[in-house]
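Chemist: Got a sequence here, can you model it:
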Amino acid sequence: MKLTPAMQAFILHWGDMGSKWGLNRSVAQIHALLHLSPEALTAEQISTTLNLARSNISTGLKELAAWRLVQTTRQLGDRREYYTSIGDIYDLVEAVIAARRDREFAPTLAALREIQAEAETDDTPAEVKTRIAETVETMQQLDGWYESLSALPRAMQLTCSEPARKSATFWPPRRRSRRRKRRKRRKRPIPKVDPGPPRRTAGPSRNIPGRCGSDRPATRRDISRAARPPGPSPFPRFPSAR
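Modeler: Model (predicted):
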């Protein structure tokens with residue numbers, strides 16, 4: 001199998017990430033090659049393509065089979081075994097999560113349950129017992145959530161994950177910045193305009209507000225009152241109905 005530069009980069013990066021996931025670099029590269037290959041490959045073909053020793057290929061294939069990430073097939077008239085990886089990425093993720101749970105999560109939960117039962121018989125402080133009980137309860141809730149979700153069909157699993165994605169997009173982080181900007185705009189002081197010298201009318205109290213030292217600007221109502229001539233109103237005043 002001939003590898004292109006893009007395929008080589010994928011395999012090398014998969015090997016680097018495998019060392020961070022707890023796998024050997026060569027094991028991760030073998031899995032990356034099987035994941036990219038459209039056809040099943042033998043151990044000799046994998047060794048030739050990756051330029052690795054046959055012993056490393058055999059050890060890596062056994063470890064991948066223990067993780068349930070590869071499948072073995074045979075062909076008529078051929079004694080060799082052909083290896084393929086899980087094609088569907090969702091099945092691959094489920095296999096990795098299930099293997100992680102069986103290897104890491106389930107033993108830890110069982111050990112914590114034994115420790116919790118032992119803490120009830122010895123002189124463990126009450127605060128430590130409470131912390132252990134909270135840890136066990138949280139891990140049991142997560143394990144129960146995983147079992148309930150994994151028992152659902154694929155279509156229902158994707159349907160359950162859709163509301164979470166929509167709720168994350170429904171509340172974007174931009175709204176906080178917009179609210180902060182609006183609050184800043186409201187708190188900005190109103191610029192004062194110099195109204196000029198005060199103008200007096202015929203009456204002693206006919207000064208227009210805003211032009212006699214007041215900070216409040218003059219309105220249309222104030223201007224109309226100031227322009228009204230002094231004396232009684234020319235309009236008749238009707239008595240109020242009681």
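Chemist: Now do the host helix or strand of A32, average pLDDT.
Modeler: Element membership for A32, per DSSP states H and E: helix 25-36. Mean pLDDT, computed over helix 25-36, is 93.
Chemist: just the strands in this protein please.
Modeler: According to DSSP state E, the chain carries its strands in the segments 70-73, 82-85.
Chemist: Buried ones in stretch 39-52, by neighbour count?
Modeler: 40-41, 43, 45-47, 49-50 (16 or more other CB atoms under 10 Å). Any C-beta I mention is one placed from the backbone N, CA and C, and that applies to glycine too.
Chemist: just to revisit the earlier point, now do the helix holding A32: which elements does it pack against?
Modeler: Judged by 3 or more CB pairs under 8 Å, 6 or more residues apart in numbering; DSSP states H and E, the packing partners of helix 25-36 are helix 5-21, helix 43-50, helix 54-66, strand 82-85.
Chemist: Can you mark which positions in that helix are buried?
Modeler: 26-36.
Chemist: same check, this time on stretch 91-98
Modeler: Under 16+ other CB under 10 Å, the buried positions of stretch 91-98 are E94.
Chemist: Run a quick neighbour tally on V70.
Modeler: Look at V70: counted by other CB atoms under 10 Å, it has 21 neighbours.
Chemist: actually R68, sorry about that
Modeler: Neighbours of R68 (other CB under 10 Å): 14.
Chemist: Excluding sequence neighbours, find me the nearest residue to it.
Modeler: The shortest distance from R68 to any non-neighbouring residue, by CB to CB, 6 or more residues apart in numbering, is to A95 (5.2 Å).
Chemist: Please give me every residue in contact with that neighbour.
Modeler: For A95, the contact set (CB atoms under 8 Å, 6 or more residues apart in numbering) comprises 67-69, 86.
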